[in-house]
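Colleague: Kindly return the folded structure for what I paste below:
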Amino acid sequence: MEYLNRIGRRKEAIARVYLKEGSGKITVNGKDYKEYFTTPSLLNKAVQSFEVTDTLGKFDTKVNLKGGGITGQVEAMRMAIARALTDHDPELRGILKAEGFLRRDPRMVERKKPGQPGARKKFQFSKR
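Modeller: Numbers count the residues shown, from 1 in each chain. The predicted structure follows:
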């Protein structure tokens, strides 16, 4: 089997995932995923797509992450893995869709507006 590759995005983060049937090794930007993601919640999110579909340990996964913060990156990675698993086995789509892993989260940082210090914040108003 050749590689299945998909892309996932969250905020400014972009994850490119390459799946291949194997022993379950997950590499993120050249490191083991346990080195890259340090907190337990991030480690859990990194393998959530595999756990929900009972495919943990069946695929070797190579991930290239770029942009954003660590949380956005792990959620982009989760989405890309879910998309790749759907390509591999279309019957997994219902499980992944019910968990919300196939839905792109549209929330982004709102842009700063001219004449203001931030996106919504206004300069202090002086009556006199």
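Colleague: Quick check: which ranges of this protein have low pLDDT?
Modeller: Along the chain, segments meeting pLDDT under 70 span 1.
Colleague: got the buried residues for the helix or strand that Ser49 is a member of?
Modeller: Element membership for Ser49, per DSSP states H and E: helix 48-52. For helix 48-52, burial by neighbour count (16 or more other Cβ atoms under 10 Å) applies to Gln48, Ser49, Phe50, Val52. Yep, even glycine has a C-beta here, placed from its N, CA and C like the rest.
Colleague: Which elements pack onto that helix?
Modeller: For helix 48-52, the packing partners by 3 or more Cβ pairs under 8 Å, 6 or more residues apart in numbering; DSSP states H and E come out as helix 70-88, helix 93-99.
Colleague: Determine which stretch of those helices is the most buried.
Modeller: With neighbours defined as mean count of other Cβ atoms under 10 Å, the helices and strands packed on helix 48-52 peak in mean count at helix 70-88, which reaches a mean of 24.
Colleague: Using PDB, list the CA coordinates for that one.
Modeller: Extracted in PDB, the C-alpha atoms of helix 70-88 (Å, rounded to 0.1, in the frame of the first residue of the first chain):
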ATOM      1  CA  ILE A  70       0.600  23.800  19.500                       C
ATOM      2  CA  THR A  71      -3.100  23.300  20.100                       C
ATOM      3  CA  GLY A  72      -4.100  24.400  16.600                       C
ATOM      4  CA  GLN A  73      -1.400  22.100  15.200                       C
ATOM      5  CA  VAL A  74      -2.700  19.100  17.100                       C
ATOM      6  CA  GLU A  75      -6.300  19.700  16.100                       C
ATOM      7  CA  ALA A  76      -5.200  20.200  12.400                       C
ATOM      8  CA  MET A  77      -3.300  16.900  12.700                       C
ATOM      9  CA  ARG A  78      -6.400  15.100  14.100                       C
ATOM     10  CA  MET A  79      -8.500  16.400  11.200                       C
ATOM     11  CA  ALA A  80      -6.000  15.300   8.600                       C
ATOM     12  CA  ILE A  81      -5.700  11.800  10.100                       C
ATOM     13  CA  ALA A  82      -9.500  11.500  10.200                       C
ATOM     14  CA  ARG A  83      -9.600  12.500   6.500                       C
ATOM     15  CA  ALA A  84      -6.900  10.000   5.600                       C
ATOM     16  CA  LEU A  85      -8.700   7.200   7.500                       C
ATOM     17  CA  THR A  86     -11.900   8.000   5.600                       C
ATOM     18  CA  ASP A  87     -10.000   7.600   2.300                       C
ATOM     19  CA  HIS A  88      -8.700   4.300   3.500                       C
END
